[in-house]
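Q: Okay, predicted coordinates and the sequence, questions at the end:
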Amino acid sequence: MKKNLLLQLVVGLLFATSHAQEIKDAMRYSQSELQGTARFTAMSGAFGALGGDLSAIKVNPAGSAVFNNNQFAATLGNHNTKNKSTYFGTSTSTSDNSFDLNQAGGVFVFKNRNPNDDWRKFSLSINYENTNNYDNSLFSAGTSPIHSVGNYFLSYANTGNNGTPVPLEFVTRQVGESINDLYYFLGTELPNKQYQNLSGFDAQQAMIGYYDQGFIIDAEDLNNPNSKYISNVRSGGYYYQENTVVSSGYNGKLVFNSALQYKNKVFFGLNLNSHFTDYVQTTNFFESNNNTEDINYRVKSLNFTNNLHTYGSGFSFQFGTIIKATETIRLGFAYESPTWYNLQDEFSQRLSSVRTNSTNVSLSNIVDPNVINVYAPYDLRTPGSLTGSFAYVFGKTGLISIDYKYKDYSNTQYSPQNDPFFRLQNRIIQNELGSSSEVRIGAEYKIENFRLRGGYRFEGSPYKNATTIGDLNSFSGGLGYSFGAIKLDFSYVNIHNTGQEQFFSQGFTEKARINSNKNNFNMTVSFEM
């Protein structure tokens, strides 16, 4: 998609914020999926007190010192997502399938040959993992008896200028000025002029929807340069609406780890994590109506497309410890710092509408600025977490492990904090998000060279209302076989949760209810040296 965007005619540089820096976007980078080796995912990631697995290092850094030998592993995964959407009583469904390299890494173990030294072992490891796979698609359709998406453009036009209407001079093209020229001007020059706190994005939304361009809205009084705006979408009747969201990309994490073993009782570890993300999303909203009132010069249908590309990098660190309380009982504790991201957005839009004239003839309007808004980089801090773990080991036969993780999502924060838009978003985050608890339970049973595994995961909603993103439930299972130095593992993970997809951030805030079901299959090949 980025290639397609770069083919457009003009690139604009905005020094202001974009609509893509909101609470739902912050949540995209604050939550992580159950990814990693097949053994790790088969046991639902309950490895905080166990270690001895390359993916376990991301839960508790002390886990790399549990390895007895050097080990290397790589994991391939298949991700299948099915989404059912319900909007005004109409149900639709979509599915998406993708393959990924979920994990690749290795650990090097250095044993102390001095029997009198209490420090028995030192390990170094490096491991890459996908923390999120963003390949997904949603389709919602239904008939609204209340609101039109025209209210989206109307909202920006009437409240964009610090709570007052956007001046007509910023939505009206001058003689010889093209749509591209005006859209580019609003994105580049207007923020620099700081015109009464009117952002370029607000003015752009009003402009593309205005009479001369998209015909969605019009001025109440053309003789008033600060006139309010009205909608040209027909009133009354019903609005048939479709919303399509297609996304792709990933959030990756590269872990640099070191750990120590003290005697045969305590393990200490530290991670330095490099994060990088690349997210692409295309949304397309279609609306038509059967309204017959005031037929002259009213909008019959419209199609609104938005393209977003977000990319950047981040940093975090972790430290943890594992204690062998007895020969059978293991205890673990780990802290993960916030992740400090530096992100950048690229954004483009296209609007088309169909209206009727006084003789009921259909006329089309197409607003395609061919401009990419390249926004100034910004910072996002996602919340840290605490993990406590317990494991019971049945000799060489099997084990049961439990992890509890606490994370306060209200600590998510955009910056620079002196930006009025970011201050508003941070207040919304503090008001709407809260703390979340996650429980992971895993078990493994050995039968000669075979390994049977299973697990369960529960993650509470990060939202105080528990509906925008609902609770998550996940079941997992897997099978492994040891050939000696080489091991082959398989896992299956089923994840289910519900949530809401809000189509637009203001003006038209309709939501569809989403029921999501994910099925992930993983295969890991590992070998020791």
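A: That came through fine.

Q: When you work out contacts or count neighbours from here on, use the C-alpha atoms and nothing else.
A: Noted.

Q: pLDDT weak spots in the stretch 101-250 of the chain?
A: Scanning the stretch 101-250 of the chain with the threshold set as pLDDT under 70 gives 161, 191-197, 236.

Q: Contact partners for residue 352?
A: Residue 352 makes contact with 214, 302, 303, 304, 364, 365, 366, 367 under the criterion Cα atoms under 8 Å, 6 or more residues apart in numbering.

Q: any idea which of those is closest to residue 275?
A: residue 304 (32.9 Å; Cα to Cα).

Q: which strand residues sit across from that closest one in the sheet?
A: residue 285, residue 351 (DSSP bridges).

Q: if I look at it, how far off is residue 47?
A: Using Cα to Cα, to the nearest Å, residue 304 is found at 46 Å from residue 47.

Q: more neighbours, the two?
A: With neighbours defined as other Cα atoms under 10 Å, residue 304 and residue 47 compare such that residue 47 has more, 31 against 17.

Q: and that one, what helix or strand is that in?
A: Residue 47 belongs to no helix or strand when assigned by DSSP states H and E.

Q: Then residue 508?
A: Here residue 508 is assigned to no helix or strand, by DSSP H and E.

Q: How about it: what's its closest non-neighbour residue?
A: Once flanking residues are discounted, residue 508 sits nearest to residue 152: 4.9 Å by Cα to Cα, 6 or more residues apart in numbering.

Q: any chance you could map the helices in the protein?
A: Taking DSSP state H as the test, the helices found in the chain are 2-6, 23-30, 38-42, 150-159, 179-193, 200-209, 420-432.

Q: Turn these into TSV, columns for distance to residue 308 and mean neighbour count.
A: As requested, those are exported to TSV (distance: least, Cα to Cα, whole Å; neighbours: other Cα atoms under 10 Å):
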stretch	distance to residue 308	mean neighbour count
helix 2-6	9	11
helix 23-30	11	17
helix 38-42	31	30
helix 150-159	18	23
helix 179-193	16	19
helix 200-209	14	26
helix 420-432	19	16
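
Q: looking at those helices, which is closest to residue 88?
A: helix 150-159 (18.1 Å).

Q: could you say what helices and strands that closest one packs with?
A: helix 200-209, strand 217-219, strand 229-231 (3 or more Cα pairs under 8 Å, 6 or more residues apart in numbering; DSSP states H and E).

Q: could those go into CSV alongside distance to residue 351?
A: Output for the helices and strands packed on helix 150-159, formatted as CSV (distance: least, Cα to Cα, whole Å):
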stretch, distance to residue 351
helix 200-209, 7
strand 217-219, 13
strand 229-231, 16
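
Q: residues of stretch 488-506 that come out buried?
A: By neighbour count, with 16 or more other Cα atoms under 10 Å as the criterion, the buried positions of stretch 488-506 are 488-503.

Q: nearest residue to residue 319 other than its sequence neighbours?
A: residue 270 (4.4 Å).

Q: Mind jotting down where the strands sit in the stretch 201-350 of the chain?
A: 217-219, 229-231, 239-262, 266-289, 299-324, 329-336, 339-356 (DSSP state E, counting those that start in this stretch).

Q: before we move on, the earlier item: for the residue nearest to residue 508, what are its contacts?
A: 504, 506, 507, 508 are the contacts of residue 152 under Cα under 8 Å, 6+ apart.

Q: do that again at 10 Å, thanks
A: 205, 206, 209, 216, 504, 505, 506, 507, 508, 509 (Cα atoms under 10 Å, 6 or more residues apart in numbering).

Q: out of the helices of the chain, nearest to residue 389?
A: helix 38-42 (14.7 Å).

Q: In terms of secondary structure, what does the closest one contact?
A: Using 3 or more Cα pairs under 10 Å, 6 or more residues apart in numbering; DSSP states H and E, the elements in contact with helix 38-42 are strand 71-87, strand 435-447, strand 450-459, strand 469-482, strand 486-502, strand 511-528.
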